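S.K.: can you look at this prediction? I've put the sequence above it.
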Amino acid sequence: MQLFTCPFCGPRAETEFHFGGDAGNLRPEGDVEANAWTDYLYFRNNRRGAAREIWMHLPCREVFMMERDTLTHEVIATEALVPEEQA
Ligand SMILES: [Zn+2]
């Protein structure tokens, strides 16, 4: 079992986490064409190597950024989306 590091709770088992999607895949705003929704929902870059992703730690319900190598599954870094002093 792999350990992921929640920025708020520390290292925990990977089964406590939920994948939230690729970072930077922004939801279309306003009146947009169907192609924009299709791109947002179904098409991914499927990067090879370091990728920035959004994850949630289920016990604390915090959402954070994880940089992970998609080839080795190594977790490079995790960080809160909002600095603690602004939360
Ligand atoms: Zn946590």
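M.R.: Now that the structure is in, tell me what you want to look at. Residues are numbered from 1 along each chain as shown.
S.K.: now for the spatially most central residue of the chain: which residues touch it?
M.R.: In the chain, the centroid-proximal residue (CA atoms, centre = their mean) is Ile54; its distance is 1.3 Å. Ile54 makes contact with Phe19, Gly20, Gly21, Asp22, Ala23, Val63, Phe64, Met65, Met66, Leu81, according to CB atoms under 8 Å, 6 or more residues apart in numbering. C-beta: built from backbone N, CA, C; applies to glycine.
S.K.: need those residues in CSV (columns: neighbour count, pLDDT and distance to Tyr42).
M.R.: Output for the contacts of Ile54, formatted as CSV (neighbours: other CB atoms under 10 Å; pLDDT from 0 to 100; distance: CB to CB, whole Å):
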residue, neighbour count, pLDDT, distance to Tyr42
Phe19, 11, 94, 16
Gly20, 15, 92, 16
Gly21, 12, 88, 12
Asp22, 14, 89, 12
Ala23, 15, 90, 18
Val63, 14, 96, 22
Phe64, 22, 96, 25
Met65, 16, 97, 23
Met66, 22, 96, 22
Leu81, 12, 88, 24
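S.K.: so the residue nearest to the centre of the chain bridges to which residues?
M.R.: Gly21, Met65 (DSSP bridges).
S.K.: next one: it from the ion, what distance?
M.R.: Distance of Ile54 to the ion, computed by CB to the ion, to the nearest Å: 14 Å.
S.K.: again with Thr72
M.R.: 24 Å.
S.K.: what do you get for Arg12?
M.R.: Separation of Arg12 from the ion (CB to the ion): 7 Å.
S.K.: quick one on the thing from earlier: which one of the contacts of Ile54 is nearest Asn45?
M.R.: Asp22 (7.0 Å; CB to CB).
S.K.: where's the closest one relative to Pro11, distance?
M.R.: Asp22 is 23 Å from Pro11, where distance means CB to CB, to the nearest Å.
S.K.: still on that earlier bit, can I get the contacts of Ile54 in CSV with distance to Ala36?
M.R.: Converted to CSV, these look like this (distance: CB to CB, whole Å):
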residue, distance to Ala36
Phe19, 22
Gly20, 20
Gly21, 16
Asp22, 16
Ala23, 18
Val63, 23
Phe64, 27
Met65, 24
Met66, 26
Leu81, 24
